[in-house]
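*Asks:* Here you go, sequence then predicted model.
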Amino acid sequence: MTNPIFVALDTPDLDRARALAEAVAPHVGGLKLGLEFFAANGPAGVRLLAQGGLPIFLDLKLHDIPNTVGKAVAALAPLAPAVLTVHAAGGRAMLKAAKAAAPSGCKVVAVTVLTSLDSSDLADAGIAGSPAEQVERLADLTRSAGCDGIVCSGEEVGDISARWPEGTFVVPGLRPAGDDLGDQKRVLTPVEALSRGASILVIGRPITAAADPAEAARRIAASLQAAPALPATA
């Protein structure tokens, strides 16, 4: 089984990010770099971490008019990300522009409903229905636009993966059994998410905030290997 764990290095501190990446490298399948890291360190920081050899997941959640997003993705192409995020709510034309501009081999996945949101948060934003219903709508839109997959919580990934067998499904907000939930509201363990059809498991604080990040990553990876009857990952 290919290691599906991408560790979220959500820090502006380049030295800390590099040290964490080196420590957990034997136990994870890639590095996820988000807005906090990118705003502080830019493309040069991405290139530095990429030297370690792990695939890079650029979690920038691009959301703008199609022309702007297409040009932004083209500008990011030299970094050769393995995965790049956009917002599904940007619409079909924006999603198509992002995929068309992405470099070969880069999976463009669309963020559906953030794992920090629940039904009341959606209602506050004027969106009717449950998170699951909104994820389903946006997943269908993303698929029809030719993108590679979506970002959703572990609660929705089972239904969506059944509807979209060839899709790539990124599940963030995961917490090993017994861990504090922090600011996440729709949470599963890594084993549960993988068993429901997740392709990529994004795990941050349970690894990066641990007293021994390498050991934390090793334990999580071992729990996936030990779990029975897990599907192959994309």
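*Replies:* Yep, that arrived. Numbers count the residues shown, from 1 in each chain.
*Asks:* Assess the claim that Leu95 and Cys147 are in contact.
*Replies:* Yes: taking contacts as Cβ atoms under 8 Å, Leu95 lies within contact range of Cys147: 5.3 Å. (Each C-beta comes from the backbone N, C-alpha and C, glycine too.)
*Asks:* So which residues of this protein form strands?
*Replies:* 5-8, 30-34, 56-62, 83-87, 107-111, 149-151, 168-171, 200-203 (DSSP state E).
*Asks:* Which residues does the first one contact?
*Replies:* Under the contact criterion Cβ atoms under 8 Å, 6 or more residues apart in numbering, strand 5-8 has outside partners 20-21, 24, 27-32, 34, 55, 57, 59, 83, 172, 190, 200-205, 207-208, 217, 220-221, 224.
*Asks:* Now it - C-alpha only, CSV.
*Replies:* What follows is strand 5-8, C-alpha atoms only, in CSV (Å, rounded to 0.1, in the frame of the first residue of the first chain):
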residue,chain,number,x,y,z
ILE,A,5,-0.2,10.3,4.7
PHE,A,6,0.7,13.9,3.8
VAL,A,7,1.9,15.8,6.8
ALA,A,8,0.6,19.4,7.0
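*Asks:* what lines up beside it in the sheet?
*Replies:* Using DSSP bridges, the strands paired with strand 5-8 are strand 30-34 (parallel), strand 200-203 (parallel).
*Asks:* pLDDT weak spots in the chain?
*Replies:* Across the chain, the ranges flagged by pLDDT under 70 are 1, 177-187, 228-234.
*Asks:* Report the beta-bridge partner residues of the residue most central in space within it.
*Replies:* When Cα atoms, centre = their mean is applied to the chain, the residue found nearest the centroid is Val170 (4.6 Å). Beta-bridge pairing for Val170 (DSSP bridges): Val151, Ile200.
*Asks:* ok, how many other residues are close to the closest residue to Ala216 other than its chain neighbours?
*Replies:* Of all residues beyond its chain neighbours, the one nearest Ala216 is Ala210 (3.7 Å), with distances taken as Cβ to Cβ, 6 or more residues apart in numbering. With neighbours defined by other Cβ atoms under 10 Å, the count for Ala210 comes to 16.
*Asks:* The one 3 residues further on too?
*Replies:* The burial count assigned to Pro213 is 20, neighbours taken as other Cβ under 10 Å.
*Asks:* Now for it: which residues touch it?
*Replies:* By Cβ under 8 Å, 6+ apart, the neighbours of Pro213 are 20, 23-24, 207.
*Asks:* Let me have these in a markdown table, extended by neighbour count and distance to Pro103.
*Replies:* Listed next are those as a markdown table, based on neighbours: other Cβ atoms under 10 Å; distance: Cβ to Cβ, whole Å:
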| residue | neighbour count | distance to Pro103 |
| --- | --- | --- |
| Leu20 | 22 | 26 |
| Ala23 | 19 | 29 |
| Val24 | 26 | 26 |
| Ile207 | 26 | 28 |
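*Asks:* Could you export those residues as a markdown table, including distance to Gln134?
*Replies:* Shown next, in a markdown table, are these (distance: Cβ to Cβ, whole Å):
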| residue | distance to Gln134 |
| --- | --- |
| Leu20 | 33 |
| Ala23 | 37 |
| Val24 | 33 |
| Ile207 | 29 |
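*Asks:* Out of those, which is nearest to Glu155?
*Replies:* Ile207 (21.7 Å; Cβ to Cβ).
*Asks:* out of the strands of the chain, nearest to Ala50?
*Replies:* strand 56-62 (5.3 Å).
*Asks:* max-length helix in this structure?
*Replies:* Identified as the longest helix of the chain according to DSSP state H is helix 35-50.
*Asks:* Return that one as PDB; C-alpha atoms alone will do.
*Replies:* Provided in PDB are the C-alpha atoms of helix 35-50 (Å, rounded to 0.1, in the frame of the first residue of the first chain):
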ATOM      1  CA  LEU A  35      -1.200  29.300   2.800                       C
ATOM      2  CA  GLU A  36       0.600  30.100   6.100                       C
ATOM      3  CA  PHE A  37       3.800  28.400   4.800                       C
ATOM      4  CA  PHE A  38       3.500  29.800   1.200                       C
ATOM      5  CA  ALA A  39       2.800  33.400   2.400                       C
ATOM      6  CA  ALA A  40       5.900  33.400   4.500                       C
ATOM      7  CA  ASN A  41       8.300  31.500   2.200                       C
ATOM      8  CA  GLY A  42       6.900  31.500  -1.300                       C
ATOM      9  CA  PRO A  43       8.100  29.400  -4.200                       C
ATOM     10  CA  ALA A  44      11.700  29.300  -2.800                       C
ATOM     11  CA  GLY A  45      10.500  27.600   0.400                       C
ATOM     12  CA  VAL A  46       8.600  25.100  -1.700                       C
ATOM     13  CA  ARG A  47      11.700  24.300  -3.700                       C
ATOM     14  CA  LEU A  48      13.800  23.900  -0.600                       C
ATOM     15  CA  LEU A  49      11.400  21.300   0.900                       C
ATOM     16  CA  ALA A  50      11.000  19.500  -2.400                       C
END
